[in-house]
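> My questions are about this predicted structure, shown below with the sequence.
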Amino acid sequence: MVGGTINALAGGGTFLVFPTLLLTGVPAVPANATTSVALTPGVASSALAYRHELGRAERRLPLAVASIIGGTVGAIVLLRTPSHVFETLVPYLLLFAILLYAFGPTLTRRLGSTGAALSRRQAAGHLAVLLTVQLVIALYGGYFGGGIGILMLAVFSLFGMKDFHRANALRTMLAACINSAAIIAFIIAGAVAWPQAIVMLVGAIIGGYGGVRLFRHVPGLILRRIVIAMALVMTVYLFIRAYH
């Protein structure tokens, strides 16, 4: 419920849901797959709510295709990664995602100041560059996923997208594509811990709806700081567990 609330209000539900599954004894790879199943419906509903802004977003179809391909391949790579290897990587992946979450807005604003100049030099050939970058982000998203929203917003700013709501709508849709593609691969491979997934899915829906009503007046900056602090505690614990 808390993860769903945080995801709806400030993003970062993964930082709570994924470590919680690890702490309750779910192995790392199934925990990652189960986190995707638990949180993706909320992301998909947000994309639906943004349908008006999405109608004005350019390049959404080719970017969606790149996201689906990358999310699928990333999930397959995860499924083929030995569990002990992934468990060693997890603290570093979480730390990377936390840094993106903490400093991403600043990065996005700074890139946004150069986006207009870059966009004037970009023609049809730049679409290939954007698609390649999105494919790489989707690969990471299918493999782990923490911080992909911040990465996409930063890239969109760099490529001259000034309207935040349009960029956020496109980011939400592409995140839903990445996660949905990864979920299909996880389900086919039997990697989802379904009892935990169902419990967390229900909790995320309740938290996502009720939390918005309860905390809609709490400043986003305070929520982000709470998420970062809790995620850092989890990451430190996972580093200790990985090397002892």
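The structure has been received and is ready for your questions.

> tell me what the strand or helix carrying residue 165 is packed against?
Element membership for residue 165 (DSSP states H and E) is helix 164-189. Using 3 or more C-beta pairs under 8 Å, 6 or more residues apart in numbering; DSSP states H and E as the contact criterion, the elements in contact with helix 164-189 are helix 28-49, helix 51-54, helix 60-80, helix 124-143, helix 148-158. In this view, the C-beta of every residue, glycine as well, is placed from N, C-alpha and C.

> Please save the CA atoms from the last one in CSV.
Right, helix 148-158. In CSV, the C-alpha atoms belonging to helix 148-158 read as follows (Å, rounded to 0.1, in the frame of the first residue of the first chain):
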residue,chain,number,x,y,z
ILE,A,148,13.7,4.7,-16.1
GLY,A,149,11.2,7.5,-15.8
ILE,A,150,13.9,10.0,-14.9
LEU,A,151,16.1,8.7,-17.7
MET,A,152,13.4,9.2,-20.3
LEU,A,153,12.4,12.7,-19.1
ALA,A,154,16.1,13.7,-19.3
VAL,A,155,16.4,12.4,-22.8
PHE,A,156,13.2,14.0,-24.0
SER,A,157,14.5,17.4,-22.6
LEU,A,158,17.8,16.9,-24.4
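
> For it, enumerate the helices and strands it packs against.
By 3+ C-beta pairs under 8 Å, 6+ apart, helix 148-158 packs against helix 83-121, helix 124-143, helix 164-189.

> For the last one, list every residue counted as buried.
By 16 or more other C-beta atoms under 10 Å, the buried positions in helix 164-189 come out as 166-183, 185-186, 189.

> Whichever strand or helix holds residue 6 vs helix 28-49, what angle?
For residue 6, the host element (DSSP H and E) is helix 2-9. Angle, helix 2-9 to helix 28-49, by axes from the mean of the first three to the mean of the last three C-alpha atoms, to 10 degrees: 40 degrees.

> from now on call the first residue 44
Sure, I'll start counting at 44 from here, so that last one is helix 45-52.

> Just give me how far helix 45-52 sits from the chain centre.
Counting by C-alpha atoms, centre = their mean, to the nearest Å, helix 45-52 is centred 13 Å from the centre of its parent chain.

> quick one on the thing from earlier: would you turn the helices and strands packed on helix 191-201 into TSV with distance to residue 238 and mean pLDDT?
Shown next, in TSV, are those (distance: least, C-beta to C-beta, whole Å; pLDDT from 0 to 100):
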stretch	distance to residue 238	mean pLDDT
helix 126-164	19	72
helix 167-186	24	87
helix 207-232	15	87
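
> Adding distance to residue 45, write those out as JSON lines.
Listed next are the helices and strands packed on helix 191-201 as JSON lines, based on distance: least, C-beta to C-beta, whole Å:
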{"stretch": "helix 126-164", "distance to residue 45": "16"}
{"stretch": "helix 167-186", "distance to residue 45": "23"}
{"stretch": "helix 207-232", "distance to residue 45": "20"}
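
> Verify the stated contact: residue 136 with residue 188.
No - counting by C-beta atoms under 8 Å, residue 136 does not reach residue 188; the two are 9.1 Å apart.

> Those two: who's more crowded?
More neighbours surround residue 188 than the other of residue 136 and residue 188, with 27 against 20 (other C-beta atoms under 10 Å).

> quick one: contacts for that one?
57, 75, 78-79, 221-222, 225 (C-beta atoms under 8 Å, 6 or more residues apart in numbering).

> Would you quantify the distance from residue 74 to residue 142?
21 Å (C-beta to C-beta, to the nearest Å).

> Between the two, which is the more surrounded one?
Counted by other C-beta under 10 Å, residue 74 and residue 142 do not tie: residue 74 has more neighbours, with 24 against 13.
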